[in-house]
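Peer 1: here is the input, now give the coordinates:
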Amino acid sequence: MTASILQRFNVVYMARFMADAVRRFPLPAVLSVALSVIVVAQMHNLKIMSDDTALRASLFCIIGFVAALGTALYGEGHGTARVRVLAVSVFVLSLLFAAVFVPAHLGAGQVFLAAAAGLFLLVSPFARRAASGDAVWGFVYNSALAVIFGGVSTLILAGGLSAILASIGYLFEVKISHKIYGDIWALGWCLFFPLYVLAGVPRQLEAEGGCDIPAPVSFIANYLLVPMMLAYTGILYAYGLKIAAQWELPRGNLAYMVTGFGAIGVLTHLAIYPLRTRGTMLLRFFDRAFYALLPVPLLLLTVGIWTRINDYGLTEQRYAILLCLGWLAALAAFKIVRTDKFHIKHVPLALAALCLAASFGPWSAADVSLQSQYARLEQHLQSAGVLGADGKVQKASGNVPFEERLAISSILEYLRGRSALARLEPWVTPVAENLTDADGGKYHAGMAIKGEQKTVAAMLRCDTRGRCPNQYRLPQEIMTAWGMEYVSRWSPREDAVIYVNIARHNIGGQALRVAGYDYMMQGWVSDSRDKSGTHPIGRALPKGHKAFIDGYRFYLTDENDAAIDIMSGDSVIDTAALPLNAAVEKMLALETRNLPDDKADMAVLEGAGKMLRAEFRLSSFNYKKPEKDGDKGRVQSANGILLFSLKGE
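Peer 2: Numbers count the residues shown, from 1 in each chain. Sure, this is the predicted structure:
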């Protein structure tokens, strides 16, 4: 056993076995070579294909490797002729090619397809024939060893070659391109590693003897995994009694916790299979009782996922949880009712079939989730007053509750992430003629976007293969068009402070007109700023004025306006009040966080005293909302460009 393990680290020893692996599994080997070529070409910017095509081709090679290997092993295990296996493999790869390259955008379908291929590979030689549980477990165990030692060998090979090159470069002062190191690691993981794994796939599929488990693995299973799983089962039962006694719904994330518990529990149950008759008493109990203990956790999972779907609709993640719920429930029922017919190969095969079904068609995770979110958005728009019962679209007439705006904003972000905004055109066009193509513009200070204005239909469509980065700001723009303020998904509650940006008054490299003023500086006022601070303005002495003017101060008044004082020592020579409060209220009435350029004049405040004339061009401000009805809001701080001039009497 020790010699066999050490041989796995001997790269030279494994070379001839790799050659045998290529003859045994030609299609997976070809796909490994293709993946290597694609990755190396992308690293060297050879532009043999677009980035999206390269991504799809890489994905096809990876999933195709697994699918072709599974098909070949199925043929070996069932005694199918090699020519027939090759024909079936080509057919399977053709279907996979269509599944990867035909859709305009990659998504959950390809993820479920990859999961189905991987799960089928685990037991493919035994899928439709009789085999003992020990034979299946032994095949998976030895295949896992091939993967582990393949990974270790790849690290040794690529790491060693990199160290050799680095030493040569250092000792002989030879400049070695970083791309060579990239090539080494790319070829290691994309070519050497898969060929090593292919060479390590067991040939003896009929080994019916018992399985030897290393002592450390046996210790982990007997004294760590099984006790922890039983303890967690007890916790879930106790929590079930608690919510039953208090008659309350379970916590929101319970569904994810129970799904993880069920998946790890099944893996543990499979891992201890060889120890089921010779492990500790606790392990033998877990082997007999695990599936019988599942009903209560599955009931909690059902209630938990139903609560999440009822509140937030269906998504691909929740669809996957429903899939796991059905899988675990079916396994538990089959194990309890037909214990004599239960076989460990049924565990991955059942989940593989469910994942395959979830990867395509109108019942797929992607399609069902999109339909759920569209329906949920329609309900929220009706509640917000944007969508009438007759289908008429209008701006929201009043203040829409925070929770409603958060829900709508989250759905828009979900649809944008899946390039599925085009269906919203009938709901957006009546309230907005154009939207901004952010891809053609620039990000300015304050995150305001400037870009080309395009029609709603043109902006909502994502015609390119892959993602459309120019749609990044569309959820915010659509919310504005509907007369509502966008809410980030990271906002746990409604902001007590509103931040408004006026991009037109951010200097950002632009030239500003200052005609008629003597001084220009950055102006900033805050309700927490000390009013007594004086800023020097030079030794100015206006004609006809006897006082020596040596500074100014800029502050917020008790009336929530801005004011500038001209100082002589500690004495105020003159004051100009700037109507900040009135201007802020007008801008807040627009219900936007980014003031449009054509409204920028609203943010220009002017004031004058006897000898002082001032102008404050707001670039941003923070406004604290009233804490309760009857209270007044207040500007917390304001920033911008302050200009003023002095004149004689």
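
Peer 1: where in the protein is pLDDT low?
Peer 2: Counting by pLDDT under 70, the chain contains low-confidence residues at 1-14, 207-211, 252, 439-451, 492-495, 507-511, 529-533, 537-548, 629, 648-649.

Peer 1: can I see the domain layout of it?
Peer 2: The chain resolves into domains spanning 2-200, 215-360, 366-494, 501-646 when parsed by automatic domain parsing.

Peer 1: could you dump those to JSON lines with distance to Glu206 and mean neighbour count?
Peer 2: Using the backbone N, CA and C atoms, a C-beta is placed for each residue, glycine as well. What follows is the domains of the chain, written out as JSON lines (distance: least, CB to CB, whole Å; neighbours: other CB atoms under 10 Å):
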{"stretch": "domain 2-200", "distance to Glu206": "7", "mean neighbour count": "17"}
{"stretch": "domain 215-360", "distance to Glu206": "15", "mean neighbour count": "17"}
{"stretch": "domain 366-494", "distance to Glu206": "41", "mean neighbour count": "17"}
{"stretch": "domain 501-646", "distance to Glu206": "69", "mean neighbour count": "16"}
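
Peer 1: and the residue positioned nearest the centre of the chain, how far from Pro469?
Peer 2: The centre of the chain sits closest to Gly417, judged by CA atoms, centre = their mean, with a distance of 9.1 Å. Using CB to CB, to the nearest Å, one gets 12 Å for the distance from Gly417 to Pro469.

Peer 1: now swap in Ile641 and tell me
Peer 2: Counting by CB to CB - Ile641 and Pro469 are separated by 32 Å.

Peer 1: repeat that for His346.
Peer 2: His346 sits 45 Å away from Pro469, going by CB to CB.

Peer 1: how about the residue nearest to the centre of the chain, what does it touch?
Peer 2: Not one residue lies near Gly417 by CB atoms under 8 Å, 6 or more residues apart in numbering.

Peer 1: can you do 10 Å?
Peer 2: Neighbouring residues of Gly417 by CB atoms under 10 Å, 6 or more residues apart in numbering: 105, 107, 467, 471, 475.

Peer 1: the helix ranked longest in the chain packs against which elements?
Peer 2: Taking DSSP state H as the assignment, the helix of the chain that covers the most residues is helix 133-171. Applying 3 or more CB pairs under 10 Å, 6 or more residues apart in numbering; DSSP states H and E, we find helix 133-171 packed against helix 2-7, helix 11-24, helix 51-77, helix 108-123, helix 178-187, helix 193-200, helix 254-271, helix 346-357.

Peer 1: can you list these in CSV and add distance to Ala131?
Peer 2: Below are the helices and strands packed on helix 133-171 laid out as CSV (distance: least, CB to CB, whole Å):
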stretch, distance to Ala131
helix 2-7, 23
helix 11-24, 20
helix 51-77, 8
helix 108-123, 9
helix 178-187, 37
helix 193-200, 20
helix 254-271, 15
helix 346-357, 12
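
Peer 1: and Thr302, which of those is closest to it?
Peer 2: Taking CB to CB, helix 254-271 is the member of those nearest to Thr302, at 8.8 Å.

Peer 1: pull the distance from that closest one to the chain's centre.
Peer 2: On the basis of CA atoms, centre = their mean, to the nearest Å, helix 254-271 sits 23 Å off its chain's mean C-alpha point.

Peer 1: what's the helix or strand following that helix in contact with?
Peer 2: Past helix 254-271, further along toward the C-terminus, the next helix or strand under DSSP states H and E is helix 281-289. With contacts defined as CB under 10 Å, 6+ apart, helix 281-289 is touched by 218, 221-223, 225-227, 229-230, 233, 265, 268-269, 272-273, 275-280, 293, 339.

Peer 1: in the stretch 201-350 of the chain, which spans are helices?
Peer 2: 215-220, 226-246, 254-271, 281-289, 295-312, 316-337, 346-357 (DSSP state H, counting those that start in this stretch).

Peer 1: and the fourth one with helix 254-271, angle?
Peer 2: Angle between the axes of helix 281-289 and helix 254-271 is 110 degrees (criterion: axes from the mean of the first three to the mean of the last three CA atoms, to 10 degrees).

Peer 1: quick check: Arg16 touching Leu195?
Peer 2: No. Judged on CB atoms under 10 Å, Arg16 makes no contact with Leu195 at a distance of 11.8 Å.

Peer 1: what are the boundaries of the strands in the stretch 451-600 of the chain?
Peer 2: 497-501, 519-526, 535-540, 549-556, 562-568, 571-578 (DSSP state E, counting those that start in this stretch).

Peer 1: and the fifth one, how far from the chain's centre?
Peer 2: Once both centres are worked out by CA atoms, centre = their mean, strand 562-568 turns out to sit 51 Å from its chain's centre.

Peer 1: which secondary structure elements does that strand sit against?
Peer 2: Secondary-structure packing of strand 562-568 (3+ CB pairs under 10 Å, 6+ apart): strand 519-526, strand 535-540, strand 549-556, strand 571-578, helix 580-588, strand 604-608, strand 612-624, strand 634-646.

Peer 1: let's see that with 8 Å instead.
Peer 2: Under the contact criterion of 3 or more CB pairs under 8 Å, 6 or more residues apart in numbering; DSSP states H and E, strand 562-568 touches strand 549-556, strand 571-578, strand 604-608, strand 612-624, strand 634-646.

Peer 1: on contacts alone, who are the packing partners of the last one?
Peer 2: Applying 3+ CB pairs under 8 Å, 6+ apart, one finds that strand 634-646 contacts strand 519-526, strand 549-556, strand 562-568, helix 580-588, strand 612-624.

Peer 1: which other residues reach stretch 467-487?
Peer 2: For stretch 467-487, the external contacting residues (CB under 8 Å, 6+ apart) are 105, 381, 384, 386, 395-397, 400, 402, 405-406, 408-409, 412-413, 416, 419, 421, 424, 428, 431-432, 435-440, 449, 451, 459-460, 462, 494, 591-593.

Peer 1: picking up where we left off before, so for Glu248, which of the helices and strands packed on strand 562-568 sits nearest?
Peer 2: Here strand 612-624 is closest among these (CB to CB), at 35.7 Å.

Peer 1: tell me the contacts of the nearest residue to Ala600 once chain neighbours are set aside?
Peer 2: With sequence-adjacent residues excluded and distances taken as CB to CB, 6 or more residues apart in numbering, Ala600 is closest to Arg504, at 3.7 Å. Shown here is Arg504, whose contacts under the criterion CB under 8 Å, 6+ apart are 595, 597, 600, 603.
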